[in-house]
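S.K.: Quick one: sequence and predicted model below, then my questions.
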Amino acid sequence: MNPLQELIRTRMAEQRWSFADVARRGTLPLSTVHYLATNEQLSRPPHPRTIARLAQGLDVPADQVRAAAAQAVGYTVMIAASKDPEVEILVAALGRLRREDRRHVAALVRSLLENEGGDGGRGGGEWVARAPLPDEQPEQ
């Protein structure tokens with residue numbers, strides 16, 4: 001069972017809700033709720049509006065549904081102080097890249113940060129944590 005299925009099923013069991021109850025509460029088609037709760041292999045995360053409505057239907061924070069949906073499609077979920085959707089998708093997608101491709105992305109990011117004084121002059125958010133970049137880790 002993927003994390004999104006687990007969240008939906010657990011919440012439904014806790015509240016004794018049916019698929020129809022969740023759909024009605026979140027103003028979603030019943031088929032959408034059923035699909036997300038029963039399909040093990042999602043090829044991509046649900047649309048942001050679907051995530052928001054599912055969160056409403058399950059009575060949980062949208063961030064919780066968003067993280068479960070990202071994990072369900074194989075994205076790595078990292079917590080950062082930014083709420084920028086572009087940052088979130090970039091971070092989530094990094095875990096799906098090959099090691100060599102991650103090195104290229106890391107080099108590009110380093111270059112951009114060095115040339116722009118660290119935040120591109122935009123006053124970006126503070127990072128909660130920084131994982132070692134691929135070329136900083138010993139080869140295995």
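M.R.: Thanks, I have it.

S.K.: most distant residue from the middle of this protein?
M.R.: The centre of the chain is farthest from one residue, Asn115, which by CA atoms, centre = their mean lies 29.3 Å away.

S.K.: Secondary structure element holding it?
M.R.: For Asn115, the host element (DSSP states H and E) is helix 99-116.

S.K.: Same check on Arg24?
M.R.: Using DSSP H and E, Arg24 sits within helix 19-26.

S.K.: what does Ala92 give?
M.R.: Using DSSP H and E, Ala92 maps to helix 85-94.

S.K.: How about that helix, which residues are buried there?
M.R.: For helix 85-94, burial by neighbour count (16 or more other CB atoms under 10 Å) applies to 87-88, 91-92, 94. For every residue, glycine as well, the C-beta is placed using N, CA and C.

S.K.: Nearest to Asp63 among the residues you listed?
M.R.: Glu88 (9.9 Å; CB to CB).

S.K.: Fine, thanks again, bye for now.
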